[in-house]
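Novice: need a structure here:
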Amino acid sequence: MKSTKDKRRKQVNRKQQEKNPQLPNKKKRLAHKKKKLQKKMKQLFQELGLTILITFFLLIIIQQLTFSLTKIEGYSMLNTLMDNDRVLVNKLSKVKRFDLVYYRDTKSNEMAVRRIIGLPKEQFYYREDQLFVEDKRVPERFLVEIMKTSRNDKKNSTFTKDFGLQEVTGDQRIPEGKYFVLGDNRPYASDSRELGYIDEKDIVGVVKMRVMPFHQIQSF
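Specialist: Below you'll find the predicted structure:
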């Protein structure tokens, strides 16, 4: 019975081929096109995957060269930055006065964030909670709130004790390639008053934003 059906099927196929002799060639062309399309799709996905991988590694390299996310440790920068805050550091930003800089402390070999007060070749001093650079008063507006709190807690006390550059470093002016930094928590901060200058080459970058905790996101 089965052989009879097979014979009939072959006869039908033979008749169809006789009516349309191009049918086998058409099937071959369709099969060839299908294989070609599958090959192209496979190649496309391989190239797409490779592109995504290369892009991912390039983004990592760019991030390493331009930005970094770091955690604050300690209380020297209260109330601007708190312990365990996460900040975004721009490694390409030019350093200016009052910038928050992320740098390596060569004495402790630890990373820290402090505020730039004195620039190379400058002379400065503090008198009665006022900063004077080249004998001109320079307002520190970022300290207004914390100074109010400090003065309420300790009446008639100065927030930044009087001192001059020469008193704490022995230099009349800041040397080339050096910076004088202070913590915003002036009465308790560990900074250039005790540790000396920071070197330009030890500065990783400028803190541009606090990103965590999320409810305290702030740009600087």
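Novice: so residue 47, which of the three states?
Specialist: Put simply, residue 47 is helix when judged by DSSP: H, G, I helix; E, B strand; the rest coil.
Novice: May I have the residues that are in contact with residue 95?
Specialist: Counting by C-beta atoms under 8 Å, 6 or more residues apart in numbering, residue 95 touches 101, 116, 179, 200, 203, 206. Placement of C-beta: from N, CA and C, glycine included.
Novice: Who wins on neighbours among the residues you listed?
Specialist: Among the contacts of residue 95, residue 179 has the most neighbours (other C-beta atoms under 10 Å), with 25 neighbours.
Novice: Let me know the helix or strand that that one is in.
Specialist: For residue 179, the element it lies in under DSSP states H and E is strand 178-182.
Novice: in this protein, which segments are predicted with low confidence?
Specialist: The model of the chain has pLDDT under 70 over residues 1-28, 58-65, 151-156.
Novice: Show me how the record splits it into domains.
Specialist: In terms of domains, the chain is parsed into 2-64, 72-219 (source: automatic domain parsing).
Novice: which one of those is the most hemmed in?
Specialist: Ranked by mean neighbour count, the domains of the chain are led by domain 72-219 with a mean of 16 (mean count of other C-beta atoms under 10 Å).
Novice: Endpoint to endpoint, that one covers what distance?
Specialist: Separation of the first and last residues of domain 72-219 by C-alpha to C-alpha, to the nearest Å is 15 Å.
Novice: sorry, back to before: in strands only, show me the contacts of residue 95.
Specialist: Among the contacts of residue 95, DSSP state E puts 101, 116, 179, 203, 206 in strands.
Novice: JSON lines for the residues you listed, including distance to residue 193?
Specialist: Shown next, in JSON lines, are the ones in strands among the contacts of residue 95 (distance: C-beta to C-beta, whole Å):
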{"residue": "101", "distance to residue 193": "16"}
{"residue": "116", "distance to residue 193": "14"}
{"residue": "179", "distance to residue 193": "13"}
{"residue": "203", "distance to residue 193": "18"}
{"residue": "206", "distance to residue 193": "22"}
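Novice: Go through those residues and name the one nearest residue 77.
Specialist: Within the ones in strands among the contacts of residue 95, the smallest distance to residue 77 is 11.2 Å, found for residue 101 (C-beta to C-beta).
Novice: Tell me where the protein has helices.
Specialist: Using DSSP state H, the helices assigned to the chain run over residues 2-19, 23-66, 144-153, 165-169, 192-195.
Novice: Check the offset of stretch 110-126 from the chain's centre.
Specialist: The chain centroid and the centroid of stretch 110-126 are separated by 22 Å, computed with C-alpha atoms, centre = their mean, to the nearest Å.
Novice: Show the end-to-end separation of that stretch, please.
Specialist: 28 Å.
Novice: For residue 185, which non-adjacent residue is closest in space?
Specialist: Leaving out its chain neighbours, the residue that sits closest to residue 185 by C-beta to C-beta, 6 or more residues apart in numbering is residue 78, at 4.2 Å.
Novice: list the contacts for the one you found?
Specialist: By C-beta under 8 Å, 6+ apart, the contact set of residue 78 is 146, 184-185.
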